[in-house]
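Participant: heads up, no residue letters with this:
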């Protein structure tokens, strides 16, 4: 295993950012009731419908969902890089106590990129093809921190070393196309780390990579997070990546978080029918050759979501009441009766439950589903 | 056969004629320019041999650049091999041209990864599925075509109302169903599936995997299934071939390759797949390969995996290992000077 022991924090390069301390136990990043609409030719479409999550220092939150679930839109709202057609119509985003949606522009700019940074899926299109990677890595801190050219170069080499790019000194002047996909993703990570963010948002950072390279990048992110004690938001659609990186999980569907909890708890006893069906549909050795318990239908079009629970059109346990807003239920310990008890899709995860008992049921969980209030029986 | 007693593998016991036999397949491309400015040869495939029986699935796994997709292109004769042979139902696909090739192509059809770019956006679903039938007009008489299209759509689980829709009106899963219906239009015996579910939403993948299972069993098809998701490959495949830099480095039955993997690259590949289970976290990345695949223009001497292999010794740089039987099984082959299942804690990259 490669050593990244030299990857200590270097606050001197962070520029003149006022870093108010976050009290221990307080979230670094808090998204509350976030609602985002897109303007379309057929009128406004709500793509985020009340999203809540929290990110803590040194912890990884995996935001898992399918295309259109809103997991990337949430990240872009945090970073202030929503497309022009989108607008935040409700909720709040706080980073270390600063209200990112209501603070003055200068205050927002001091936070975004500096205290919270983002790594994108497609490094090739996210990097500028005509600028050397070293220049791009430190562009942000040179602009904000008044860093000299020589100092910037030294800092870029240091960051490239930290993210495991071999021969960094020789390659600092190379262009993106001269790097492999895995190395480009490391360049992206170096760029995000340049101003020592406290929260790093990684949006499908390994989806375009081979599994062997994916494993390297996931290891790198975990090492950097531990060294820098960052909060990490891992946006992914891959349950394998979630299981191997997350402390907490937020399961998104059609612009909402349907279930949230610790990774161990959610895999051991998924509560929402969507989470249960999703985990149940993953191929397992004992299902080999048999039909998989598949979910019928497709994720809904954002402009034609069902009323009430957005999963009800595909839910095997849907009831008439599901057409109304589902209650948000919070609990600790075992899944409340009425949830997680039905046979569909949940049976396969029982095997997981036995193996992953340490720490099960100790953290707070949340699910938005009528089954808790009404039970399984009609 | 006397060895049948020691190989109680159901996949072997199943009767099924060999529908596809690939021998010593080589594909090179001339390359010019690049950093060095010189000329060279890119070896995409270097002596690949495979076999597939009716009703079975051969899973082809490996990193990008391993040659999986080149195999797919050669199998359906979109590209022609530099040397080696491809026999489809006994016919020498690699040597055929003209009408004989067109006839042979009916038996082996390709399903593409991306249902968003592989369907003509201006054609209706019915037109897309009918296209192969108009290229092979003798197969289904014109007056029977509409009925055949309806039958094909029904086979892939699309209601007749979909016939007049355009691709942009369909979900990803529905588009992939159209792609499968198009591939089935000529009644092939073999489908080459190149990452058929990896572009789909995760809640839709299982539907398509189930559809493929049903079609294989109902129509007696054989599949060459190319995927990077080992979970899906393991679910569908009877046999597995693991590729690295243009060569098959290990192949065998599902149980042989997944149960007792012999090649270090296979071990590393399996350790790199994140299992959807937090309890298995300790296993993930235990054999994390350092570095990346070497350039296919400048292959390492001897074993091409040796530059990333923790078991490599002197012989590995001198002699390229051939595929040798592992243990008593004659179906389980690996190309390695130091083969064997995972050893102790030291048996991994340092």
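Facilitator: Arrived safely. Because the structure is predicted, anything quoted here is derived from the model rather than measured. Numbering: from 1, shown residues only, chains lettered A, B, ... in the order given.

Participant: Would you mind naming the helix or strand containing the closest residue to residue A:35 other than its chain neighbours?
Facilitator: Spatial nearest neighbour of residue A:35, excluding adjacent residues (Cβ to Cβ, 6 or more residues apart in numbering or on different chains): residue A:90 at 3.6 Å. Where you see a C-beta, it was placed from the backbone N, CA and C, and this is true even at glycine. Residue A:90 belongs to strand A:86-95 when assigned by DSSP states H and E.

Participant: how about that strand: buried residues?
Facilitator: A:86, A:88, A:91, A:93, A:94, A:95 (16 or more other Cβ atoms under 10 Å in any protein chain shown).

Participant: What residues does the stretch 251-378 of chain A have near chain B?
Facilitator: Residues of the stretch 251-378 of chain A lying near chain B by Cβ under 8 Å from any Cβ of the partner chain: A:263-264, A:267, A:274, A:277-279, A:281-285, A:287-289, A:291-296, A:298-299, A:314, A:352, A:355-356.

Participant: List only those of those flagged as buried.
Facilitator: A:263-264, A:267, A:274, A:277-279, A:281-284, A:287, A:292-295, A:298-299, A:314, A:352, A:356.

Participant: ok, residue A:232 - contacts?
Facilitator: For residue A:232, the contacting residues are A:55, A:59, A:60, A:61, A:199, A:200, A:202, A:221, A:225, A:245, by Cβ atoms under 8 Å, 6 or more residues apart in numbering or on different chains.

Participant: what pLDDT does residue A:346 get?
Facilitator: Predicted confidence (pLDDT) for residue A:346: 38.

Participant: how about the helix of greatest length in chain A, does it reach chain B?
Facilitator: Taking DSSP state H as the criterion, chain A has its longest helix at helix A:211-228. Yes - remark: helix A:211-228 sits within contact range of chain B at A:211, A:212, A:213, A:214, A:215, A:216, A:218, A:219, by Cβ under 8 Å from any Cβ.

Participant: From the chain's centroid, how far away is the helix or strand that that helix is followed by?
Facilitator: Once the chain leaves helix A:211-228, the next helix or strand it forms, by DSSP H and E, is strand A:231-236. On the basis of Cα atoms, centre = their mean, to the nearest Å, strand A:231-236 sits 3 Å off its chain's mean C-alpha point.

Participant: can you check stretch B:19-32 too?
Facilitator: Worked out by Cα atoms, centre = their mean, stretch B:19-32 lies 14 Å from the chain centre.

Participant: what's the answer for stretch A:87-103, then?
Facilitator: Worked out by Cα atoms, centre = their mean, stretch A:87-103 lies 18 Å from the chain centre.

Participant: what's the first-to-last distance across it?
Facilitator: One end of stretch A:87-103 sits 16 Å from the other (Cα to Cα, to the nearest Å).

Participant: Quick one: residues in contact with that stretch.
Facilitator: Contacts for stretch A:87-103 (Cβ under 8 Å, 6+ apart): A:19-20, A:22, A:27-37, A:39, A:46, A:50-51, A:77-78, A:80, A:82, A:107-108, A:111-112, A:115-116, A:198-199.

Participant: Cross the residues of the stretch 251-378 of chain A next to chain B against strands and list the overlap.
Facilitator: When DSSP state E defines the strands, the subset of those inside them is empty.

Participant: And the helices in the stretch 51-200 of chain A, which stretches?
Facilitator: According to DSSP state H, counting those that start in this stretch, the stretch 51-200 of chain A carries its helices in the segments A:71-79, A:105-111, A:123-126, A:133-145, A:149-162, A:168-171, A:181-193.

Participant: Do you have the helices of chain B handy? List them.
Facilitator: Along chain B, counting by DSSP H, helices occupy B:10-13, B:68-75, B:98-105, B:125-135, B:145-155, B:172-184, B:202-219, B:230-236, B:254-259, B:264-272, B:314-318.

Participant: tell me which residues of the longest one are tucked away?
Facilitator: In other words, helix B:202-219. Across helix B:202-219, burial judged by 16+ other Cβ under 10 Å covers B:202-213, B:215-216.

Participant: Mind giving me the packing neighbours of that helix?
Facilitator: helix A:273-280, helix B:172-184, strand B:222-226, helix B:230-236 (3 or more Cβ pairs under 8 Å, 6 or more residues apart in numbering or on different chains; DSSP states H and E).

Participant: Give me the helices and strands touching the longest helix of chain A, please.
Facilitator: Checking 3+ Cβ pairs under 8 Å, 6+ apart, helix A:211-228 ends up next to helix A:181-193, strand A:199-203, strand A:231-236, helix A:239-245, helix B:264-272.

Participant: Can you give the distance of the last one from its chain's centre?
Facilitator: Read that as helix B:264-272. That offset, for helix B:264-272, works out to 18 Å (Cα atoms, centre = their mean).

Participant: Could you check the angle that helix makes with helix A:211-228?
Facilitator: Angle of helix B:264-272 versus helix A:211-228, following axes from the mean of the first three to the mean of the last three Cα atoms, to 10 degrees, is 50 degrees.

Participant: Kindly report the same for the longest one.
Facilitator: An angle of 20 degrees separates the directions of helix A:181-193 and helix A:211-228 when computed by the same axes, to 10 degrees.

Participant: Mind listing residues that contact helix A:181-193?
Facilitator: Contacts with helix A:181-193, where a contact means Cβ under 8 Å, 6+ apart, come from A:117-120, A:123-124, A:126-127, A:133, A:136-137, A:139-140, A:156, A:159-160, A:162-165, A:176, A:179, A:200, A:205-206, A:208-210, A:213, A:216-217, A:220-221, A:224, A:228, B:292.

Participant: Mind giving me the ChimeraX select for those, buried ones only?
Facilitator: A single ChimeraX command is used to select the members of these judged buried by 16+ other Cβ under 10 Å:
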select /A:117,118,119,120,123,126,127,133,136,137,139,140,156,159,160,162,163,164,165,176,179,200,205,206,208,209,210,213,216,217,220,221,224,228 /B:292
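
Participant: what about residue A:189, how many residues close to it?
Facilitator: By other Cβ atoms under 10 Å in any protein chain shown, the residues close to residue A:189 number 27.

Participant: and the stretch 101-250 of chain B, which residues reach chain A?
Facilitator: So the stretch 101-250 of chain B meets chain A at B:171-174, B:201-207, B:209-210, B:213-214, B:228, B:230-232, B:234-235 (Cβ under 8 Å from any Cβ).

Participant: burial of the residue of the stretch 51-200 of chain B found nearest chain A, as a residue count?
Facilitator: The stretch 51-200 of chain B approaches chain A most closely through residue B:171 (3.9 Å), counting by Cβ to the nearest Cβ. Residue B:171 has 17 neighbouring residues, counting by other Cβ under 10 Å.

Participant: what do you get for residue B:338?
Facilitator: 18.

Participant: Equivalent analysis for residue B:92, please.
Facilitator: Quick note: residue B:92 (other Cβ under 10 Å) scores 12 neighbours.

Participant: Could you verify my assumption that it touches residue B:84?
Facilitator: No - with contacts counted by Cβ atoms under 8 Å, residue B:92 stays clear of residue B:84, the gap being 10.8 Å.

Participant: re the thing from before, export the helices and strands packed on helix B:202-219 to CSV and tack on distance to residue B:341?
Facilitator: As requested, those are arranged in CSV below (distance: least, Cβ to Cβ, whole Å):
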stretch, distance to residue B:341
helix A:273-280, 29
helix B:172-184, 36
strand B:222-226, 24
helix B:230-236, 17
